[in-house]
Each structure stands twice: as C-alpha cells, then as structure tokens.
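Trainee: model this:
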Amino acid sequence: EDLPVAEARALLGPGRLLGATVRSLEDIHRVQAAGADHVGLGPLFATRTKAVDAPPLGLAGLARVCAASPLPVVAIGGISADNIREVARAGATCAAVASAPFAHGETPARVAAAVRALAADVDNGRALRSL
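Mentor: Numbers count the residues shown, from 1 in each chain. All right, here's what the predicted structure looks like:
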C-alpha cells in the first residue's frame, strides 16, 4: 500500500528520512537500494488493527532480521505493553503501536502515561540486548 520507495525518494529529495514497510530481509535490501533510510517490519504478532496478508514473524524472526539488517528496524503489528520490551531486546530500533496507548482508557493523562511506560520499556529492552 506504500508509495514505491524510488518514487517517494524522488518527491522528498535526499535530505528527508524515508521509511518503507517490509516483510523480510530481502525486502529490506530492495528498499535500501531504492533509497529507504529505515523500515517498518511486520507483522510481528497477530493484530486486529489492520488486516495483513502475511504471517507473523515472532520475536525469533525479528531478531534474525534485525541482526542482519543494514537499516534501522521499526517493529509493527500486535505490539503491546506485554511484549514491547522483548521487541526492543530482539533488536528493533523502535516499535509502532496503535492500540497499546489506549488499553487503560482514553483520557489524555492515561494515554500519556501509557506512552511514557511503553517508551521506558523500549529503553529497558535495549539495555537487555547486551546481557
């Protein structure tokens, strides 16, 4: 569903960050050659947010791709407070979340607190990579 990377790069020019959605390491190499700076890789887990015609990669699949990826990886799909720390530990630079910030209510204060907790869990997961 994304605009082709080469076309997006031509529109944006060289000074802007450009990401592309991918499903595999092979896709990463393809979009890197076309001009992408980072990738959204997924789905990582099953998700109800969006219908995706691809099997979930899981944490082991994410770790394999991240270890070999020449580009930063944003993990996508089914990421929640229950698994975001392990997503970061597996090598994701960051994670895209849709419903996780709203799991405990939609008041601005609760959403903000949930986002802060998710960000802290990403930092904690990154710290665990070297252990």
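
Trainee: what's the model's confidence in the helix ranked longest in the chain, averaged?
Mentor: Longest helix of the chain, by residue count under DSSP state H: helix 108-128. Helix 108-128 shows a mean pLDDT of 94.

Trainee: just stretch 61-76 next, same as before
Mentor: Stretch 61-76 comes out at a mean pLDDT of 97.

Trainee: Look at it and report the distance between its end residues.
Mentor: Length of stretch 61-76, first residue to last, CA to CA, to the nearest Å: 13 Å.

Trainee: Mind listing residues that contact it?
Mentor: 19, 21, 24-25, 28-29, 31-32, 36-44, 57, 87, 90-96 (CB atoms under 8 Å, 6 or more residues apart in numbering). Every residue, glycine included, has its C-beta placed from N, CA and C.

Trainee: Next, the buried residues of that stretch.
Mentor: Using 16 or more other CB atoms under 10 Å as the test for burial, stretch 61-76 gives 61, 62, 63, 65, 66, 69, 71, 73, 74, 75, 76.

Trainee: swap in stretch 17-33?
Mentor: 18, 19, 20, 21, 22, 23, 25, 27, 28, 31, 32.

Trainee: ok now that stretch, how far from the chain's centre?
Mentor: 12 Å (CA atoms, centre = their mean, to the nearest Å).
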